[in-house]
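Q: missing the sequence, but the structure's below:
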Ligand SMILES: Nc1ncnc2c1ncn2[C@@H]1O[C@H](COP(=O)(O)OP(=O)(O)OP(=O)(O)O)[C@@H](O)[C@H]1O
């Protein structure tokens, strides 16, 4: 596999979930790839399908969920949609590491930090049993935990939320996976700690050339840290753009609305409207573009037909799905606000 081969390659990913009220499709035809050493941000409102998407990438499907026909998810050399549970468990940690949302519930409360780290380290055939403790100390130092020898002996409740999140990052990188998925890694943390944790993920990404998928409902969190940003709406990828284009003026009206709504980070400004209305219920999606009912530019065409993804660069590394996109670079008044917070 060459240096340039994407580490993550997703083609037409559809995730279906059987529910008592019928089948729902929280992830609906997503295609994207992530290069070695690249950080791709994934942003979308609550319920847009981000969590089901990242779990589908890992083969960690919710109960009752399955891949739609023709879905492809390649992580490194593995086609995830075809693996057995045993094969998947072997890949988790080695090829793909997950930094979960909530450090408070993701660690075992009754086991010491060192023991939890050791569970991962002992899966590494290159680390001799006599070196495992040293490796645990090294990992805690790497994620910026001071006095690591002593911290191996403590329980999760004896650490702050930010420190627990660092431990989870140490666990995620213990086997040096080529891909790290950070699913809302800072939602549960206060703003200063948020920044430190994001800095840490970025530093690890740069030092080790990991590919990172950084998932957040908050565009400001991903904008300053990602090479490209994918915008999800109602289970679909509506825009995929490089960060410079995001700040210069996105093409999709939803991305613009999202950008404008980020003004909540700054003092209220009347010239930055938020998006009126609610996303559609996925049990009852409109036939055309799911954003049409809220979109100021929507026409009869949008109500009737879902727009195709229009690629703007080779292999669809960037593009948008909209019948009435904004002109490239057409300014939005929110970009300076976003630039100042990321
Ligand atoms: N196990 C499930 N059974 C049925 N529907 C589900 C299941 N899990 C998720 N969904 C639905 O799929 C949609 C997407 O959910 P998902 O949790 O992926 O959104 P999200 O963007 O990650 O939101 P949040 O930021 O709140 O986590 C939602 O409408 C949700 O109700």
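A: Arrived safely. Source: prediction; values computed, not measured.
Q: Point out the residues in the stretch 201-342 of the chain that sit beside the ligand.
A: Taking Cβ under 6 Å from any ligand atom as the test, the list of the stretch 201-342 of the chain residues beside the ligand reads 217, 282. Every residue, glycine included, has its C-beta placed from N, CA and C.
Q: now the helices: where do they sit in the stretch 201-342 of the chain?
A: Secondary structure of the stretch 201-342 of the chain by DSSP state H, counting those that start in this stretch: the helices cover 219-223, 243-248, 253-261, 300-304, 335-341.
Q: nearest to residue 59, of those helices?
A: In terms of Cβ to Cβ, the element of the helices of the stretch 201-342 of the chain nearest to residue 59 is helix 219-223, at 23.8 Å.
Q: Buried residues of the closest one, list them for me.
A: 219, 220, 221, 222, 223 (16 or more other Cβ atoms under 10 Å).
Q: Could you measure from the residue lying farthest from the centre of the chain over to residue 239?
A: Outermost residue of the chain with respect to the C-alpha centroid, by Cα atoms, centre = their mean, is residue 130; its distance is 36.1 Å. If you measure residue 130 against residue 239 using Cβ to Cβ, to the nearest Å, the figure is 51 Å.
Q: Let me see the contact set for the nearest residue to residue 96 once chain neighbours are set aside.
A: Sequence neighbours aside, residue 179 is the residue nearest to residue 96 in space, at 4.5 Å (criterion: Cβ to Cβ, 6 or more residues apart in numbering). Residues touching residue 179, when contacts are defined by Cβ atoms under 8 Å, 6 or more residues apart in numbering, comprise 7, 8, 34, 75, 76, 95, 96, 97, 210, 211, 212, 213.
Q: again with residue 123
A: By Cβ under 8 Å, 6+ apart, the contact list for residue 123 reads 93, 94, 175.
Q: Would you mind measuring from it to residue 207?
A: Spatial separation of residue 123 from residue 207 under the definition Cβ to Cβ is 22 Å.
Q: does residue 33 really touch residue 315, like I thought?
A: Yes: the pair residue 33 and residue 315 passes the contact test of Cβ atoms under 8 Å, sitting 7.2 Å apart.
Q: ends of stretch 239-254, how far apart?
A: Its first and final residues considered, stretch 239-254 spans 9 Å by Cα to Cα, to the nearest Å.
Q: And the residue of the stretch 51-200 of the chain that's closest to the ligand?
A: With distances taken as Cβ to the nearest ligand atom, the stretch 51-200 of the chain approaches the ligand most closely at residue 51, which sits 3.2 Å away.
Q: show me the residues around that residue that make contact.
A: Shown in contact with residue 51 (Cβ under 8 Å, 6+ apart): 183, 215.
Q: 7 Å - rerun?
A: Under the criterion of Cβ atoms under 7 Å, 6 or more residues apart in numbering, the neighbours of residue 51 are residue 183.
Q: Let's see the pLDDT reported for residue 211.
A: Each residue has a pLDDT score; the one for residue 211 is 95.
Q: so what's it up against?
A: With Cβ under 7 Å, 6+ apart as the criterion, the residues that contact residue 211 are 7, 8, 34, 35, 36, 37, 38, 178, 179.
Q: now do residue 212
A: Applying Cβ under 7 Å, 6+ apart to residue 212 gives the contacts 39, 180, 182, 201, 205.
Q: Just those residues: which are in strands?
A: Mapping those onto strands (DSSP state E) picks out 39, 180, 182.
Q: Across the sheet, point out what pairs with the residue nearest to the first one when sequence neighbours are not counted.
A: Taking Cβ to Cβ, 6+ apart as the measure, residue 39 lies nearest to residue 212, with 4.2 Å between them; neighbours along the chain are not counted. Partner residues in beta bridges with residue 212, using DSSP bridges, are residue 39, residue 180.
Q: ok, now how distant is residue 212 from residue 17?
A: With Cβ to Cβ as the criterion, residue 212 and residue 17 are 27 Å apart.
Q: go on, residue 60?
A: Separation of residue 60 from residue 17 (Cβ to Cβ): 13 Å.
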